[in-house]
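Engineer: next comes the sequence, and after it the predicted model I'd like to discuss.
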Amino acid sequence: MSVQWFPGHMHATKKAILERIKEIDVVIEMLDARLPGSSANPMLAQLTAGKPTLKVLNKQDLADPARTALWLAHYNAQPDTRAIGLHAGTVAPARALIAACHELAPHRGGMVKPMRVLIGGIPNVGKSTLINTLVGKRATKTGDEAGITKQEQRIALADDFYLYDTPGMLWPKIVVPESGYHLAASGAVGRNAYDEEEVALELLKALKGPYGAQLEARYKWGWTAEAVARCKEDELLTAVGRKRGALLPGGRLNAQKAAEILLTDFRTGALGPITLETPEEHTRWLQAALQHEADLAAERKARQAARRGGSRAAPGTA
Ligand code: G4P
């Protein structure tokens, strides 16, 4: 299985962004600090290409600080890009975003040339929380603009600073299988798009090496981190279930319940600070996935060419 879901109303969102982007000075891309690479929407990057970008690694309170530092360095090394970690509910760091936007577009500011910032990100990444924090008492929601009413909202954070809010954006196809699992584990994907047991097993695969000690601290199996790392994922899920009483009549494991327990513990931060991927890992997965797509496309093309050749051949000559 892989995790996929349909983009639905996304065409309208795409159109609204394309209309607005021409007059945008800075794009704020909100990412989930626990899965920065996987929570980046390639469609947003494509639509906003060439614009200075501020990557906001949100929910950093739930993420592994050492890995957040790796991701910040990775993004800060990219041209026209700045990156900061954030807990969207905290006021002072959220206001620091405004300063970061001015650094990215120093020529903007003042009533004549107000700063125009577009904010985007996948659903559940914390965009509303951040906007609420930023809005405080000062800002006014200026409401609707003709034509893009439902797709966009303009928020005045100051007299010379406008934030254009776009709806949470999904994308048509998740190319990297690991990203699908990480998005599902984080709660960004609707529950009917994936199998919880499968996602829990993939989550354990990501956790058992770097975060074995945190799993042990939560479930108290009495194992060393090395022993946890050596376990198979299904053994670990069974161990979670047995420890938490996720059992069926007769004492068999209730794998669905065990998966739900693990996923909830991850999502709420009960397993401690965790980041599911490093920049190096994500780059490797992306390359492998793109290669796989290219191989599939080449196979398809070869099959089509063979069919065409076959239909042109005279009967009995094939
Ligand atoms: P969205 O607009 O991008 O869809 O996301 P939203 O702000 O609604 O946030 C989704 C969930 O993530 C909310 O939790 C919110 O409280 C939580 N959240 C946002 N930013 C942070 C952060 O920096 N750290 C942590 N730990 N959580 C964050 P919820 O359970 O869905 O809602 P609620 O119970 O908090 O209201």
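Structural biologist: Arrived safely.

Engineer: and the closest residue to the ligand within the stretch 201-318 of the chain, what does it touch?
Structural biologist: Using CB to the nearest ligand atom, the closest approach of the stretch 201-318 of the chain to the ligand is made by G269 at 6.4 Å. Backbone N, C-alpha and C define where each C-beta goes, glycine included. By CB atoms under 8 Å, 6 or more residues apart in numbering, the contact set of G269 is 61-62.

Engineer: my read: I28 touches I119, true?
Structural biologist: Yes. If you go by CB atoms under 8 Å, I28 and I119 touch, sitting 4.4 Å apart.

Engineer: show me the shaky parts of the stretch 51-200 of the chain.
Structural biologist: 137-151, 171 (pLDDT under 70).

Engineer: give me every residue in it lying close to the ligand.
Structural biologist: Within the stretch 51-200 of the chain, the residues that sit near the ligand (CB under 6 Å from any ligand atom) are 58-59, 61-62, 87-89, 121, 123-129, 168.

Engineer: farthest-separated two in those residues?
Structural biologist: D61 and G168 (20.5 Å; CB to CB).

Engineer: what are the buried residues along the helix or strand where A288 lies?
Structural biologist: Assigned by DSSP states H and E, A288 belongs to helix 279-312. Using 16 or more other CB atoms under 10 Å as the test for burial, helix 279-312 gives 279, 282, 285-286, 289.

Engineer: mind putting these in JSON lines, distance to the ligand and pLDDT included?
Structural biologist: Formatted as JSON lines, the buried residues of helix 279-312 follow (distance: CB to the nearest ligand atom, whole Å; pLDDT from 0 to 100):
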{"residue": "P279", "distance to the ligand": "20", "pLDDT": "98"}
{"residue": "H282", "distance to the ligand": "21", "pLDDT": "97"}
{"residue": "W285", "distance to the ligand": "24", "pLDDT": "97"}
{"residue": "L286", "distance to the ligand": "23", "pLDDT": "94"}
{"residue": "A289", "distance to the ligand": "25", "pLDDT": "93"}
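
Engineer: looking at those residues, which is nearest G309?
Structural biologist: The nearest one, if we look at these relative to G309 and count by CB to CB, is A289, at 30.5 Å.

Engineer: distance of the residue nearest in space to the middle of the chain from the ligand?
Structural biologist: Residue closest to the mean C-alpha point of the chain, counted by CA atoms, centre = their mean, is S39 at 1.3 Å. Plainly put, S39 is 10 Å away from the ligand if you go by CB to the nearest ligand atom, to the nearest Å.

Engineer: same question for G180.
Structural biologist: With CB to the nearest ligand atom as the criterion, G180 and the ligand are 19 Å apart.

Engineer: wait, that residue touches I174, no?
Structural biologist: Yes. Assessed by CB under 8 Å, G180 is found in contact with I174 at 4.4 Å.

Engineer: and M43, how many residues sit next to it?
Structural biologist: 18 (other CB atoms under 10 Å).

Engineer: okay, and it sits in which element?
Structural biologist: helix 42-47.

Engineer: quick one: contacts for the closest residue to G222 other than its chain neighbours?
Structural biologist: Sequence neighbours aside, E216 is the residue nearest to G222 in space, at 7.9 Å (criterion: CB to CB, 6 or more residues apart in numbering). Applying CB under 8 Å, 6+ apart to E216 gives the contacts 222-225, 228.

Engineer: now, those residues that are in helices?
Structural biologist: 225, 228 (DSSP state H).
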